[in-house]
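Novice: Sequence plus the predicted model coming up.
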Amino acid sequence: MADNKNIAERLRQVHTLMLLAGENRFRAIAFDRAAQTIEGLSEPVDHYLESGTLTDLKGIGSSIAEDIRLFSETGSMPVLEDLKERVPDGLIRWLDISGLGPKNIVKIHKELGITEVEELADACRDGRVAALPGLGEKSAEKILKSIEWLQQHSQRCLISEAREVALPLLEVLKEAGGVQQIEVAGSLRRWNETIGDVDLLVAADEVDNSAIFDRFTGHEMVVEVLGRGETKSSIRTESGRQVDLRIVNPEQFPAALVYFTGSKEHNIVLRRRARERGMVLNEYGLFPANQDGDADSSRPMELSSETELYRHLDLAWIPPELREGRGEVEYFESHEEMPLVTPEEVRGVVHLHTTWSDGKQTVEQMARASIERGYTYMGVTDHSRSAAYAGGLSIDEVKKQWDEIDRVIEKFSSEGIEFTIFKGIESDILADGSLDYPDDLLDGFDFVIASIHHGMDMPREKMMDRFRKAIEHPAVRMIGHPTGRLLLRRGESDLDMNQLIEWAAEHQTAIEINANPHRLDLDWRHGNKALEAGLLTSINPDAHNVEGIDDILYGVMIARKAKFDSSRIVNCLTAEEFRRWARGEEVEVKE
DNA sequence: GCCGTTTTCGGCCCGACTGTTTTCAGTCG
């Protein structure tokens, strides 16, 4: 049996290799679209194969359906195998070089007979690339620079790092003369977990553009100006980030904001909708189409906001974090809004570490910091005993910690502070699926988060078996960071996430959204499945110090991307309701 | 390769910027 992720990955490979093989662009894109569709499914592809409904799916015709069927039955996809034979492995890495695309990759490869990035760098240095028709000195120099940059920096960064670049620039540009509106756009506005480039958008009258660009390119963070035109400029920061700034007229701002927020997939759907309604949508506005189908730019629709633009396309305004081409457009055709959790609705901080294990602050300090931030309860969840590297608690230490928590509770009570502290634990799930303490001790906790910290690369069946046993354990109320991933550093465990979601939903066990920007795990891409299954979650900062509590914001935004409203988030419950849920009582989930 | 409330063929999102060119192709977002 082939799982959806695996199939989508193969289809993506076909797309990439077709570009490098110089195949028809649209044929290649068809495979990319099919991959997108498969990824968004909440049922396994085999279900569609068996019922013969695969070709009912958007972007999957008889040809790709056959490729998928063959792959599912034989584990091999002939169209992919054929491409792999024709395209050298090394070329795939060339696509990461910014400024170099498939056309020139094919040209350089064919003319010079080279396949490795290092060979390409040499060919740029010794003039062979510059001598090719259509390329020149500057192209060679640009490619070489990109290769060198690539070797020093990873292409993407965490959303937290991107915000550190974007927010100061935003502040400085706000103060620049002539700036009427300014917004962060791109994947950062959509709250994606990793970010490539930072996009900024400004509304200003043209006469002011030059001064605004001066402010931008002159900022102290800037180490290189990559380009500067009339309306667009790009810079690189000392941290290696590329930032693009676009300036448009105020009347163009709404359309430009939609356009630069993306995603690409979302924009394509919007443009198609505009076409279907006799209009053309571009970054400058929404225009009636003339007889040739081009935009009649003399008659722009008047737009004062994104909302109006969506209205013209018979849609309600779609929050940026949902604009991922995963069914949001269909939803907002018939709904005015989607119920989504807000930061204010989170009431408790229920996954945090203290000095008892690897946290930096005491129980009392973490509690006071939570109170300052407006939370009404917290759950202390230090590491269990086998997490030796993180100072996991022995049975004896657990009991001492309980005493300390009781002392803090008493102290608060004497100070007249209303704040609830739950005694929790982040228990390791051991290799055989059992937990890290005897059952009678586990019963003594208010709640248990079960997480895997060891043996994360076991085969899928073993991993699933471990999680199943943990979910079935009566003391366990939450699963922590299910895939174990560390973004940009470590991959995910091999899991059947749909199955895991179903098991957890059956037991009313929550799967946390770990809000630490290095994790953001559960992945929002499982949101549709989680919604169908009625999965509960908890937005958990996994804080190891006071500042870590603020990561809850990232968790809230990821929960919104995953379409959670507060009724399915256990730390949006009141302290009393949380206590009842932790005891295993049913909680009300809104339909 | 996919798709159709104008279409079973001929489109497929659209424009800025750059560099290599003399009118445009490639790349990016």
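Specialist: Sure thing, it's come through. Numbering: from 1, shown residues only, chains lettered A, B, ... in the order given.
Novice: Could you pull up phi and psi at the closest residue to A:Leu322 other than its chain neighbours?
Specialist: Spatial nearest neighbour of A:Leu322, excluding adjacent residues (C-beta to C-beta, 6 or more residues apart in numbering): A:Glu328 at 4.4 Å. Bear in mind the C-beta positions are built from the backbone N, C-alpha and C, glycine included. When read as degrees, to the nearest 10, the backbone of A:Glu328 gives phi -70, psi -30.
Novice: The closest residue to DNA strand B within the stretch 451-591 of chain A - how many residues pack around it?
Specialist: Residue nearest to DNA strand B within the stretch 451-591 of chain A (C-beta to the nearest atom of the strand): A:Leu488, separated by 17.1 Å. If you count neighbours by other C-beta atoms under 10 Å, A:Leu488 ends up with 14.
Novice: Just list the residues touching it, thanks.
Specialist: A:154, A:156-158, A:194 (C-beta atoms under 8 Å, 6 or more residues apart in numbering).
Novice: close enough to count as contact, A:Ser370 and A:Val380?
Specialist: No: applying C-beta atoms under 8 Å as the test, A:Ser370 and A:Val380 come out as separate, 10.5 Å apart.
Novice: Neighbour count: the two, which is higher?
Specialist: A:Val380 (29 against 22).
Novice: Can you say which helix or strand has A:Ala162 in it?
Specialist: Element membership for A:Ala162, per DSSP states H and E: helix A:159-174.
Novice: what's the residue nearest to A:Glu148 when sequence neighbours are not counted in contact with, if anything?
Specialist: Nearest residue to A:Glu148, sequence neighbours excluded (C-beta to C-beta, 6+ apart): A:Ala121, at 7.8 Å. A:Ala121 is in contact with A:144, A:147-148, counting by C-beta under 8 Å, 6+ apart.
Novice: which ones are touching the residue in the stretch 301-450 of chain A positioned nearest to DNA strand B?
Specialist: When scored by C-beta to the nearest atom of the strand, the stretch 301-450 of chain A has A:Gly325 as its residue closest to DNA strand B, at 11.5 Å. Neighbouring residues of A:Gly325 by C-beta under 8 Å, 6+ apart: A:36, A:263-266, A:268-269.
Novice: between the residues you listed, which is nearest A:Phe467?
Specialist: Using C-beta to C-beta, A:Gln36 is the member of those that sits closest to A:Phe467, with 27.6 Å.
Novice: Helix, strand, or coil at A:Thr381?
Specialist: What DSSP: H, G, I helix; E, B strand; the rest coil gives for A:Thr381 is strand.
Novice: Read off the pLDDT value for it.
Specialist: A:Thr381 carries a pLDDT value of 95.
Novice: Against DNA strand B, how distant is A:Trp94?
Specialist: A:Trp94 sits 9 Å away from DNA strand B, taking C-beta to the nearest atom of the strand, to the nearest Å as the criterion.
Novice: out of the contacts of A:Gly325, which is most surrounded?
Specialist: Greatest neighbour count in those, by other C-beta under 10 Å, goes to A:His266: 21 neighbours.
Novice: Quick check: which element contains that residue?
Specialist: Assigned by DSSP H and E, A:His266 belongs to helix A:264-276.
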